[in-house]
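>>> Sequence and predicted model, in that order:
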Amino acid sequence: MGKKPKNRVTVEIMGEEYTIKGSGLPKSMEQAARHVDELMRSLAEKNRQLSSYKIAVLAAINLADELLKLKHDYPRFVADDRERDEEDELV
């Protein structure tokens, strides 16, 4: 079995350049970096006294909260989709 090829993109977050390597699509990695940058900039604007490190930790907590909410709601959405599949369609 061969290894999955790694894509590499350079992104900017809070004015710092980062090179990201991963098996994800470059567009997806760039989109994720943009989301982190927007969140960190928003937090920095609201909390001007905080260091970049603390802004990054707050951003990580916010993103973890988003992820946990999505994970919690996922089974409900899957069940809703199954129910809809079982319903008769009206044409």
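All right, it came through fine. Note that the structure is a prediction, hence the values are computed from the model and not measured. Residues are numbered from 1 along each chain as shown.

>>> Quick one: end-to-end distance for stretch 3-20.
One end of stretch 3-20 to the other measures 18 Å (C-alpha to C-alpha, to the nearest Å).

>>> Please tell me how far it is from the chain's geometric centre.
15 Å (C-alpha atoms, centre = their mean, to the nearest Å).

>>> Count the residues that sit near A59.
22 (other C-beta atoms under 10 Å). Backbone N, C-alpha and C define where each C-beta goes, glycine included.

>>> element containing it, please.
helix 52-86 (DSSP states H and E).

>>> Pull out the buried positions in that helix.
I55, A56, L58, A59 (16 or more other C-beta atoms under 10 Å).

>>> which residue is nearest the centroid of the protein?
The chain has A32 as the residue nearest its centroid, 5.1 Å off, counting by C-alpha atoms, centre = their mean.

>>> any residues touching the one helix or strand it maps to, and which ones?
Under the criterion of DSSP H and E, A32 resides in helix 26-46. With contact meaning C-beta atoms under 8 Å, 6 or more residues apart in numbering, helix 26-46 is reached by 7, 9, 11-14, 18, 20, 22, 50, 52, 55-56, 58-59, 62-63.

>>> what's the angle between that helix and helix 52-86?
Taking axes from the mean of the first three to the mean of the last three C-alpha atoms, to 10 degrees, helix 26-46 and helix 52-86 form an angle of 130 degrees between their directions.

>>> List the contacts of N47.
N47 neighbours (C-beta under 8 Å, 6+ apart): K54, I55, L58.

>>> Give me the phi and psi for it.
phi -130, psi 70 (degrees, to the nearest 10).

>>> and the gap between it and E16?
Distance check for N47 against E16: by C-beta to C-beta, to the nearest Å, it reads 18 Å.

>>> Report all helices and strands that the lowest-mean-pLDDT helix or strand in the chain contacts.
Least confident helix or strand of the chain, by mean pLDDT, DSSP states H and E, is helix 52-86 with a mean of 85. If you count contacts as 3 or more C-beta pairs under 8 Å, 6 or more residues apart in numbering; DSSP states H and E, helix 52-86 packs onto helix 26-46.
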